[in-house]
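A.B. asks: Here's a sequence, model it:
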Amino acid sequence: MVIIETEKVPIKSWCNHPEGGALEQVKNLANLPFTFKHVALMPDTHEGFGMPIGGVLATHGHVIPNAVGVDIGCGMCAVRTSIESIHLNHLKDILEQIRRSVPVGSQHNKLPCDDSMMPTEEVTSRQEYPVIYAEYASAKRQMGTLGSGNHFIEIQMGSDGRIWIMLHSGSRNLGKKVADYHNGIARKLNDQSPFPIPSNWDLASLPWDSYEGQRYLREMNYCLEFARLNRMKMLEKIKQAFTDNIHKISFDDPVNIHHNYAALEEHFGQQVVVHRKGATSAREGQIGIIPGSQGSKSFIVVGKGNVESFVSCSHGAGRKMGRKQAIRELNLEQETKAMERKGILHAVKSKQSLDEAPGAYKDIDVVMKEQDDLVQIAVKLEPLAVVKG
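C.D. replies: Numbers count the residues shown, from 1 in each chain. Below you'll find the predicted structure:
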């Protein structure tokens, strides 16, 4: 851990070499009037919008929509199967069935899901749930869909001798609509404040106990549950693909975590609002998931409860290249051959898909080494086959 003490509160970075953009953003966080104790940077950190991805911020009584991000509730799910190996033909058949049954990218389901599949929280009125009330019908068609960007479904071989399923997805367009709407409210309130936060920081906040703050939290929490249920619905389809092709198979209970959210927690003896943007809770004994790229290892981990990181760890390997930079600079043949040598059924099929190539991501082994005081590795997972959003 590197400690930077040039700002109002310290910055504690588990990333030994944070990029310039992320460093400027975390300095802004450290100079907010309501930041508590220090700001933490996880080893996968990189520049985001307002707050770096891989950042952990605790505040006194304020919630910042941009410190949660637009994909509210984005997170991971992992399931261990009972099988110890899988034939290549079965693997290809399972992959094809997943592609047929799980819409990816901007695709939605043709028919809406039943209301019983949606979060149980009652959406009472447009006034109390301004975005979800308006987007509810559309969200019902997004339930059980993967989305785009870095979202993925992966079949893996575990160091425990078992085949695993891993899934990364979020709250789809619903979360983005909620984030954008409430960030707009926060910006308006900030403009009216006698002591506004600089607008170019993109860190406008809402008082936690205000009407506006509580309304955002209601919709944010709804999106967290929507994202969890979305992963569970996709998992049903993935498990069905396995059972249709491998008849003697069972599945352990899933591990499910999210890494874009805010919550009221106790740290250093005080109740504070903890924002994790591209960061995962790592309480002592808590099971977590840290994915690599589609060409590298992923990990099932156990949290060590390190108080200095606000009991958090990284949410993945983290990008070392922006999407456009990766498409410009990476070599398609080199990236695909490296995965094919490992026998991975990958998703890098064209130059445009190089934004999700392994070369666009940090070295996961370095990332794990930098946070060995935050988590303990339980299982290493090697990729076998990938579906990308």
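A.B. asks: Just give the number of residues close to Asp244.
C.D. replies: Here the count is done by other CB atoms under 10 Å, and Asp244 has 11 residues near it. Where C-beta positions appear, they are placed from N, C-alpha and C, glycine not excepted.
A.B. asks: Can you name the residues that contact it?
C.D. replies: Residues near Asp244 by CB atoms under 8 Å, 6 or more residues apart in numbering: Gln97.
A.B. asks: average pLDDT for the helix or strand where it lies?
C.D. replies: Secondary structure assignment for Asp244, by DSSP states H and E: helix 211-245. Averaged across helix 211-245, the pLDDT comes to 97.
A.B. asks: Of all the residues in it, which ones are buried?
C.D. replies: Residues of helix 211-245 classed as buried by neighbour count (16 or more other CB atoms under 10 Å): 212-213, 215-235, 238-239, 241-242, 245.
A.B. asks: next one: stretch 171-190
C.D. replies: The neighbour-count check on stretch 171-190 (16+ other CB under 10 Å) flags 171-179, 181-183, 185-187, 189-190 as buried.
A.B. asks: Pull the distance from it to the chain's centre.
C.D. replies: Centre-to-centre, stretch 171-190 and its host chain are 18 Å apart (CA atoms, centre = their mean, to the nearest Å).
A.B. asks: before we move on, what about stretch 216-226?
C.D. replies: Here stretch 216-226 is found 15 Å from its chain centre; the criterion is CA atoms, centre = their mean.
A.B. asks: who are the neighbours in contact with Asn28?
C.D. replies: With contacts defined as CB under 8 Å, 6+ apart, the neighbours of Asn28 are 198, 201, 203.
A.B. asks: of the residues you listed, closest to Gly50?
C.D. replies: The closest of the contacts of Asn28 to Gly50 turns out to be Leu203 (CB to CB; 5.1 Å).
A.B. asks: one step back: of the contacts of Asn28, buried ones?
C.D. replies: 201, 203.
A.B. asks: Let's see which of the contacts of Asn28 end up in strands.
C.D. replies: Using DSSP state E, no member of those sits in strands.
A.B. asks: Where does pLDDT dip in the protein?
C.D. replies: For the chain, applying pLDDT under 70 flags no range at all.
A.B. asks: Helices of that one, residue ranges please.
C.D. replies: For the chain, the helices defined by DSSP state H cover 20-30, 88-101, 130-142, 172-192, 211-245, 323-329, 332-341, 364-370.
A.B. asks: Nearest to Cys113, out of the ones you listed?
C.D. replies: The nearest among those, by CB to CB, is helix 130-142 at 5.0 Å.
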